[in-house]
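Student: output the structure for:
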Amino acid sequence: MNWKPLTAAIVATLIGSTAEAADIEHKYLQTPDGKSVPAIRITGKIVGEDFLKFFDARVLYARSWGFVYLESPGGSVLDAISIGQQIAEAEWDTVVGENSTCASACGLIWLAGKRRFVAENARIGFHAVYYTDSRQITSNGNAIVGAYLSKLGFGLKTISYVTSMPPDQMDWLSSAKAKEYDIAVQVLK
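Tutor: Numbering: from 1, shown residues only. Here you go, the predicted structure:
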């Protein structure tokens, strides 16, 4: 099957405006025991080709393990999935820090972490994938999200939770929901 036409159609409807790309920064952080650990920080709306910027930052660390810090209202689902796949393959951890919000497509990236960290006052939200022009839910987009989450090891209960909220609403993850929907989370205090 030729995936290019399908992918192009989905990209055209899911990406939206590419005027303001996410900031993707990389650096080494010092751990309390004095080790240097690679870290990549993604802030702002995720748009078309941000997955390439993430790849460029990630490739600098070769096979190192590290952290991806997230603070984003969401954006391009396909870019988020591509970033998430890179995180999962590298077995990096994801973090949503103090007073940060990681919603929509950003939440999909966060789910890719080998370990998922979240500060007590951070917010992680999910809703169904939708067409940006009509704000109608797209079954193709949600099927792609389902396949991605399945590959990450999540079951149907989690996939249904992540894709069930209407586009004009957000389902904010709580400790109780994380437990109910089999999402392993480590809370930072």
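
Student: isn't V96 up against A103?
Tutor: No - counting by Cβ atoms under 8 Å, A103 is not a contact partner of V96; they are 9.9 Å apart. Every C-beta, even on glycine, is put in place using the N, C-alpha and C of the backbone.

Student: what is the least confident helix or strand in the protein?
Tutor: helix 4-14 (a mean of 35; mean pLDDT, DSSP states H and E).

Student: sketch out the low-pLDDT regions of this structure for me.
Tutor: Where the chain drops to pLDDT under 70, the residues are 1-19, 62-63.

Student: how about the helices in it?
Tutor: 4-14, 50-59, 77-90, 105-110, 139-151, 156-164, 175-180 (DSSP state H).

Student: residues of stretch 157-164 that come out buried?
Tutor: Using 16 or more other Cβ atoms under 10 Å as the test for burial, stretch 157-164 gives 158-159, 161-163.

Student: and stretch 145-159, by the same measure?
Tutor: So for stretch 145-159, counting by 16+ other Cβ under 10 Å, buried means 145-146, 148-149, 152, 154, 158-159.

Student: what's the end-to-end length of that stretch?
Tutor: With Cα to Cα, to the nearest Å applied, stretch 145-159 spans 8 Å between its terminal residues.

Student: before we move on, back to that, so which of V96 and A103 has more stuff around it?
Tutor: Neighbours were counted for V96 and for A103 using other Cβ atoms under 10 Å; V96 has more, 29 against 22.

Student: sorry, back to before: closest to G113 out of the buried residues of stretch 145-159?
Tutor: L152 (9.5 Å; Cβ to Cβ).

Student: list the contacts for Y148?
Tutor: 81, 84-85, 108 (Cβ atoms under 8 Å, 6 or more residues apart in numbering).

Student: ok, 6 Å please
Tutor: I81 (Cβ atoms under 6 Å, 6 or more residues apart in numbering).

Student: and for T163?
Tutor: 128, 142, 145.

Student: in contact with the closest residue in space to it that isn't next to it in sequence, which residues?
Tutor: Excluding its sequence neighbours, the residue lying closest to T163 (Cβ to Cβ, 6 or more residues apart in numbering) is N142, at 4.5 Å. When contacts are counted by Cβ under 6 Å, 6+ apart, N142 touches 128-129, 163.

Student: now N142: how far from A103?
Tutor: 16 Å (Cβ to Cβ, to the nearest Å).

Student: phi and psi next, for G155.
Tutor: phi -90, psi -180 (degrees, to the nearest 10).

Student: any idea how far it is from V162?
Tutor: 11 Å.

Student: which one of the helices of the chain is the most hemmed in?
Tutor: helix 105-110 (a mean of 28; mean count of other Cβ atoms under 10 Å).
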